[in-house]
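Undergrad: quick one: sequence plus predicted model below, questions after.
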Amino acid sequence: MKSRTTPNASVDKTESGYLLKIPAGDSSAYRFAQMDDYFGLSRRKFPHHSLTLSLRARVSSNSLPGTWGFGLWNDPFGMSLGFGGRRWQFPALPNAAWFFSASKENHLSFGDKPAQGFLAQSFSAPKFHPQLIPTGLVFPFSRKAARKLLSRVIAEDSSALGVDVAQWHAYRIEWRRRSVAWYVDEVQVFESPVSPNPPLGLVIWIDNQFAAFPPNGRIKFGVLENPEPAWLEIADLAI
């Protein structure tokens, strides 16, 4: 895996894993620290078609501004503000299975699934769907209608998890072709038939970004102040 950071952020090796850290700062700059195994690859060459990921993790606070997490995705955001994504590639529909933490400014659901907090979450979408044509046509005029159309194309599932993420816990994701299961401390906390379409890449990150596409259709995105340095520590990573 390779690490990527913005200025003054870091990914440091520890005795049993890694510490991903972003500095304190205001809302004028994007800050992220990330590890992944797909940088420089086109999406069709991402390495994973099924995977079991396990690690231990903790973060510096239960209420970090922005997002953090670990799991698998297809890096769909492309030229949008990025979650550590590569901004030169074309956007794609999301495919992901991960443990995902999103602060209250975020709303990352196209339907009525949990969209904030600490989540077990998956998305499954085709590379192309005929419904995308009317979605593109109505988007400039009604983002609420576009969101409804996207909900018909993008399958999603999520569950809010009551975990004290500032303490060490063991996490595991079992991604199969027809289902995904999430475990915390060896206990299954969620299982879903919404399995993302491969290939996907492994990603572990922390940042100060938010993105929201709520039911009212008012898209918001940007970066947040984090008054204190924020960090995600992982250990015993195994795939």
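TA: Sure thing, it's come through. Numbering: from 1, shown residues only.
Undergrad: tell me how far the residue nearest to residue 176 when sequence neighbours are not counted lies from residue 3.
TA: Excluding its sequence neighbours, the residue lying closest to residue 176 (Cβ to Cβ, 6 or more residues apart in numbering) is residue 50, at 5.7 Å. Placement of C-beta: from N, CA and C, glycine included. Using Cβ to Cβ, to the nearest Å, we find residue 50 at a distance of 25 Å from residue 3.
Undergrad: the more surrounded of those two?
TA: residue 3 (17 against 13; other Cβ atoms under 10 Å).
Undergrad: ok, that one - contacts?
TA: With contacts defined as Cβ atoms under 8 Å, 6 or more residues apart in numbering, residue 3 is in contact with 11, 18, 33-35.
Undergrad: pick the one among these closest to residue 66.
TA: Within the contacts of residue 3, distances to residue 66 taken as Cβ to Cβ reach their minimum at residue 33, with 11.3 Å.
Undergrad: where in this protein is pLDDT low?
TA: 78-90, 128-148, 151, 217 (pLDDT under 70).
Undergrad: chain neighbours aside, what residue packs nearest to the residue nearest the centre of it?
TA: Geometric centre of the chain, nearest residue: residue 100, 5.4 Å, by Cα atoms, centre = their mean. Of all residues not flanking residue 100 in the chain, residue 69 sits nearest, at 4.2 Å (Cβ to Cβ, 6+ apart).
Undergrad: surely that neighbour and residue 205 touch.
TA: Yes - counting by Cβ atoms under 8 Å, residue 69 does reach residue 205; the two are 6.7 Å apart.
Undergrad: which stretches in this protein count as helices?
TA: For the chain, the helices defined by DSSP state H occupy 132-138, 143-153.
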